[in-house]
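Engineer: requesting a structural model of the entry that follows:
(2 chains)
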Amino acid sequence: MDARFPWFILLAPLISAAFIHLFARKSRGLSATISVASVCFCLLASVFVFVSPGHGGSSEIPWLDFGSALRVPIGVTIDDLSKVMLLVVTGVGALVHIYSLVYMEADESEARFFGNLSLFMFSMLGIVLANNFAMMFIFWELVGVSSYLLIGHWFTRESAAKAANKAFLANRIGDFGFMLGILMFWSATGTVVFSEMEAALPNLTLTAGFLTAAVLLIFCGAVGKSAQMPLHVWLPDAMEGPTPVSALIHAATMVAAGVYMLARVSFLIELSATAQLVIAWVGIITAVLAALMATQQDDIKRILAYSTLSQLGYMIMAIGVLAPGAAMFHLFTHAFFKALLFLGAGAIIYALHHEQNIWKMGGLSGKMKWTFLTFTAGYLALVGCPGFSGFFSKDAILLAAWQQNRWIFCLGLFTAFLTAFYMTRLFVVVFFGSARSEAASHGHDGPARMTIPLMILAVLSVVAGYGFLANRALGAKLAHLLHDSHALGGAGIVMALATLAFVIGAAGGWLLYKGQSKDPILIRLFRNKFYFDELYAALIAGTQDLLATLSRFFDQWFIDGLLVRGLSGATWASGFALRFLQVGNLQAYAFLFGLGVIAMIYLMVFR
Amino acid sequence: MLNLIIFIPLLAALGILLGAPARKTALGAAIAHCALTVLAFLSYDRAAGGFQFLSSYPIAPEWKLNYLVGADGLSLLMLLLTGLVTLASIWLSPRVEKRENLFYACLLFITAGAAGAFASVDLFFFYAFHELALIPTFLLIGLWGSGERHTAAWKITIYLGMGSFILLAGLLDLYFSIPAALRTFDLRELQQLATAGNLIPGTSVASDGWLVNTWNAQARPYLLLLIGFGILISLFPFHSWAPSAYASAPTPAAMLHAGVLKKFGLYGLIRVALPLLPEGAKVWANLLLVLLVGNIIYIGFVTIAQRKLDLLLGYSSVMHMGYIFLGIAALNVVGVSGAALLMFAHGLSIAALFAMAGMLREKVPTLALESFGGLARPMPWLAFAFGLAAFASIGLPGFANFASEMTIFFGAFQPAADLSAPNFRLATIFALWGVVISAVYMLRAYRSIFMGEPAREPAGWIDPLKSRRWPITVLLAVLLLAGFAPQYFYSYLQPSIQALLPK
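Structural biologist: Residues are numbered from 1 along each chain as shown, chains lettered A, B, ... in the order given. Here you go, the predicted model:
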């Protein structure tokens, strides 16, 4: 394979996005066709890249070039890590595009939707292919932009506009740290290119404090993008976007970018034990708290969103316990089954005329047969039912935790139990019992373009965990890491405990929610998401808004009022000067500013 | 070529004052002017470098005073900015009810003055051309402004008047600090002398002080220049003329001043102050850091509190000057080149934003944010274009603003050898936080104008006509071009900036 080939993967969605936004904004059919064609091309090209042997090297063009002072290229790199990520992004991307053909059919801004979807594919693939930190940061920000645009797709809804802003700002706060971390590593190593940085580091003596700070700042980027505590608040609100967007961006790909980035720079994370500990704890705390919040939500998409948070917490935790192989494995399986669950939820929402409350659903297993069957596969994969993909990948993470830190392992196990519990709650309430609303009694499967992506994802959700697929997909290096971990022992007991957690959770959920027509338990703390939103609102009002108001007051009354007018009054003390400057007196201006030139000439010539 | 670039708008302005049809003449001049700047930019020989298109006319030989114009990569980029913004602002000028002739003549005088200042290789004309551009700005605000135009015009007059006088004092101080035998106005000769260390010998400064490093002979003239130029650029705390002036100014005047003329001060710092007084720059580097953090953080918070679009844009423009100062303060090729590209990028994006704010003003004269809402539905094009310009202004990738800000961050994180790296890193951290702040106010403004439920009768709102769209499209397209391929523009800037910095 030519090293330049991956550029086409990057360019196709960019061309599609530019063309749609510039020329096809009024043509819905054309925009959809171009967008779907570009993503299908990307998928085929990614498969080709994947099966091509070797790594194809990396090829780059200069973006900033100040010689030895600063060099930022735009370059693509193909290795095991980017190969599997390419498959995930383009694979789920293609299915979501096709699904959107139906889901967004009635939307008057379909063209804008597909244009932004292509923009997202471009940005995401840029992150995947980036061979250096600065380029990754560029696409990192662009992903934030496309996410902003897609969350705010229905911009006339106040809640969607707010959610879009919130997502953008949370990401920018994370990016603040990310960029700082990049600057720190750049100042130490003199390069932003990953491979050069890795080569330069062993020859440097850096203090532990510097390394810890720099790694944690890099981690800030992942906290923002992968919605970890305390910046997690944007992801549930992001469900205001259309459901295909939730599936692609806010479940399968963009939010996983944080994990991917950390896996990419795992050579940096290895440098600081303190940072590892912080990363692992942030991940597992996110996993537990998000799972607790999920147990008390009523909106089907929000339950899945909290579940995504929780699973991302797992992956981040795996990075923290130095198991990037396990993290990428879970990223790989999670992408399929979580996209499947979101698209399944979307099919239900579509059939029920945009009803999202699970308590207004019920009894859908018979009416929406294909949706039900495929959703079941996703459900079993997520809760970690033995034999399904999520079981294997979650097991790999729990095993790594077991070997590193038993406290974190216990919390991980607890999360597994909670996951089984809240997903069984959702599953039982939505699909069994009797229909609890008029709309639910008329539920029906969507057309083939909607169900076929579901079926493909369902098959993948089952098989993605097995070695023949997973080992191949993850590539030699990562698969090797996974096997090494197994060799360390504890595999049997971890598997047994994880299965037990699943059984207890699922049984509890089944017994508690079977045949219920409203939630039998109410835990306000969980239902209100631990009051994070309220806390932040108070924090913003107490700091930012207060500072802004004070600054404006100061500017208006002190700097402008007293200082400027006082000073100018002193300078042009005489009333004559003030009268002289009354507006409208053209000669006065001309005279005054002629003075400048005249004074200069005078001093030059006659002095 | 440069003479044409300067004198076409000047002669057109005089012609208009003498009775030529105002709008037609102005448009013709603007088109010719813009085309020539593009042509000059493209025909510059980058391999040869240095000042090109030189042309001179002796004025006072005994003083070594010549009318001398020429352009290197830095001047050409500024001239290109002038050409693009001039064309857009004159094209988008609204109907003028009173004294149309004077209105267009004023706009063209600003263009001629700015272009002259950017193309001057002679210190005297560098200053004189700027004075030529300044006076019409006051007239435009005072005569055709809106809102509290009297206060605004009064404030900007006194303020920039003071700035110009301090600048003049600084230039004189600089001139008379040079040994009498060496005195000249030719910037090339001055620069050669400075590089050789003969201009104003100043001891090399190590960064030990907190605000002010060891005093030397270059310290006083540099401080005068810094304050003089600083006032013209709205350096904190000398900024308060800017927001009210831009809010009151007629749209094309705001575009030209914020987009082009304000860059004169920054250009002056890079062209005159840094190369001639490098040791002076080091003396005041820490003070400048404090002030520019004021620009970024303090003004950032003031901007968040704004509830009117014109004031918000005015303050945001003040805030972004902080980033340019940061690049200049770093005194290395990376930082100063980034600053120069950001001058270009900021000029284009703020001109586009003011142009579109002017379109919104036609319906809602106060521009209060809460009186808008949901405009993206009736005005999809404006929502799209305004979104792009807003994204550019808050530094999103793809636009020149991002590329240049990123360059500045790299430059400032690793400043020139004699400067205090920890102080610069601290300032960079503040600057990075400023990026978050600018997202807060810009997204809030965008949301309340274009998103949400329509607050007013949608029937009253329609997209601007096609003929009024393309100037904005051109500005945005150039921003995107420079954002995707910044290295092309840096290939102009880098050698020029390298020549200006101390070795």
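Engineer: who's in contact with B:Pro230?
Structural biologist: To be clear, residue B:230 is Gly; Pro isn't right here. B:Gly230 is in contact with B:Gly163, B:Phe238, B:Gly265, B:Leu291, counting by Cβ atoms under 8 Å, 6 or more residues apart in numbering or on different chains. The C-beta positions use only the backbone N, C-alpha and C, and glycine is treated the same way.
Engineer: compute the number of surrounding residues for the third one.
Structural biologist: Yep, that's B:Gly265 we're talking about. Other residues lying near B:Gly265 total 25 when counted by other Cβ atoms under 10 Å in any protein chain shown.
Engineer: repeat that for the first one.
Structural biologist: A count of nearby residues for B:Gly163, using other Cβ under 10 Å, gives 23.
Engineer: that one: which element?
Structural biologist: Taking DSSP states H and E as the definition, B:Gly163 sits inside helix B:149-177.
Engineer: pLDDT below threshold where in the stretch 501-607 of chain A?
Structural biologist: Across the stretch 501-607 of chain A, residues meeting the criterion (pLDDT under 70) sit at A:561-607.
Engineer: go with 50
Structural biologist: Residue ranges of the stretch 501-607 of chain A with pLDDT under 50: A:570, A:572-587, A:604-607.
Engineer: how about the helices in it?
Structural biologist: In the stretch 501-607 of chain A, the segments counted as helices under DSSP state H, counting those that start in this stretch are A:524-527, A:532-540, A:546-553, A:565-571, A:575-580, A:586-605.
Engineer: and if you look at the stretch 51-200 of chain B?
Structural biologist: Listed in chain order, the helices found in the stretch 51-200 of chain B under DSSP H, counting those that start in this stretch are B:73-91, B:100-119, B:123-144, B:149-177, B:187-196.
Engineer: and these as a markdown table, adding distance to A:Val76 and mean pLDDT?
Structural biologist: What follows is those, written out as a markdown table (distance: least, Cβ to Cβ, whole Å; pLDDT from 0 to 100):
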| stretch | distance to A:Val76 | mean pLDDT |
| --- | --- | --- |
| helix B:73-91 | 30 | 95 |
| helix B:100-119 | 39 | 92 |
| helix B:123-144 | 46 | 87 |
| helix B:149-177 | 49 | 84 |
| helix B:187-196 | 42 | 87 |
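Engineer: flag every buried residue along stretch A:278-298.
Structural biologist: Buried positions in stretch A:278-298, judged by neighbour count with 16 or more other Cβ atoms under 10 Å in any protein chain shown: A:278-298.
Engineer: kindly report the same for stretch A:354-373.
Structural biologist: Buried residues in stretch A:354-373, counted by 16+ other Cβ under 10 Å: A:355-356, A:358-365, A:367-368, A:370-372.
Engineer: endpoints of it, how far apart?
Structural biologist: Distance between the boundary residues of stretch A:354-373 (Cα to Cα, to the nearest Å) amounts to 21 Å.
Engineer: chain center to it: distance?
Structural biologist: The gap between the average C-alpha position of stretch A:354-373 and the chain average comes to 28 Å, counting by Cα atoms, centre = their mean, to the nearest Å.
Engineer: what's it in contact with?
Structural biologist: Around stretch A:354-373, the neighbours that count as contacts under Cβ under 8 Å, 6+ apart are A:298-301, A:303, A:344, A:347-349, A:351-352, A:426, A:429-437, A:439-446, A:451, A:454-455, A:458, A:517-519.
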